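> quick check, what structure comes out for this input:
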Amino acid sequence: MSKKSGQIAARIAQFEGQELDAHYLGYFDCFNRQLFYEAHDVLEELWLADRRGPDGDFFKGLIQLAGAFVHIQKNRRGPAAALFRLAQANLEKYSPCHGRLDLLATLAMMDEWSRRLAAATEPQKLLAAGPAPALSPSEPEP
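Below is the predicted model:
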């Protein structure tokens, strides 16, 4: 077990035993707290186990989305824009609601952030200007 695995285990412990995978839920928790690098790390373990499976590109797209925001935090416009495009290409392969995530709303959020990024003079200030990006899976259908 690597040092990173221990840190990830600590981040997802609160989500163990829930209906959705703890790594998946941990991704949203980190993402919504603007811990984008950590969101990437948490979901990467799940993606590595399924990268050639039916959800591989879905998880890859979410990882790329978090990566885009890491680059925004670091004032790297070009890499952020490239990762938004890659994430969009991966997520568009799935139905409008996949993994209980509203992908239409997620793609719309990505489009809005891509526009904001293109217009920004200082990309790293975008997150402080708000509203912050947020994602969460929906509740199951009764």
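> show me where this structure has helices.
3-12, 22-32, 36-50, 56-73, 77-91, 103-119, 126-129 (DSSP state H).
> go through the ones you listed and name the closest to residue 139.
helix 22-32 (12.8 Å; C-beta to C-beta). All C-beta atoms are positioned from the backbone trio N, CA, C, and that covers glycine.
> so which elements touch the closest one?
helix 3-12, helix 36-50, helix 56-73 (3 or more C-beta pairs under 8 Å, 6 or more residues apart in numbering; DSSP states H and E).
> now the weakest link among those, please, by mean pLDDT.
When the helices and strands packed on helix 22-32 are compared by mean pLDDT, helix 3-12 comes last with a mean of 80.
> check which residues of that helix are buried.
8, 9, 11, 12 (16 or more other C-beta atoms under 10 Å).
> just to revisit the earlier point, possible to save the helices and strands packed on helix 22-32 as CSV with distance to residue 98?
Shown next, in CSV, are the helices and strands packed on helix 22-32 (distance: least, C-beta to C-beta, whole Å):
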stretch, distance to residue 98
helix 3-12, 21
helix 36-50, 13
helix 56-73, 6
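> highest mean neighbour count out of the ones you listed?
helix 56-73 (a mean of 23; mean count of other C-beta atoms under 10 Å).
> what sits up against that one?
Applying C-beta atoms under 8 Å, 6 or more residues apart in numbering, the contact partners of helix 56-73 are 27, 30-31, 34, 36-37, 39-40, 43-44, 46-47, 50-51, 77, 79-81, 83-84, 86-91, 93-94, 98-99, 106, 110, 113, 117, 123-124, 126-127, 133.
> re the thing from before, for the helices of the chain, give me CSV that also has distance to residue 137.
Formatted as CSV, the helices of the chain follow (distance: least, C-beta to C-beta, whole Å):
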stretch, distance to residue 137
helix 3-12, 15
helix 22-32, 7
helix 36-50, 13
helix 56-73, 11
helix 77-91, 14
helix 103-119, 11
helix 126-129, 22
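> nearest to residue 140, out of those helices?
Judging the helices of the chain by C-beta to C-beta, what sits closest to residue 140 is helix 22-32, at 13.4 Å.
> quick one, that closest one and helix 3-12 angle?
80 degrees (axes from the mean of the first three to the mean of the last three C-alpha atoms, to 10 degrees).
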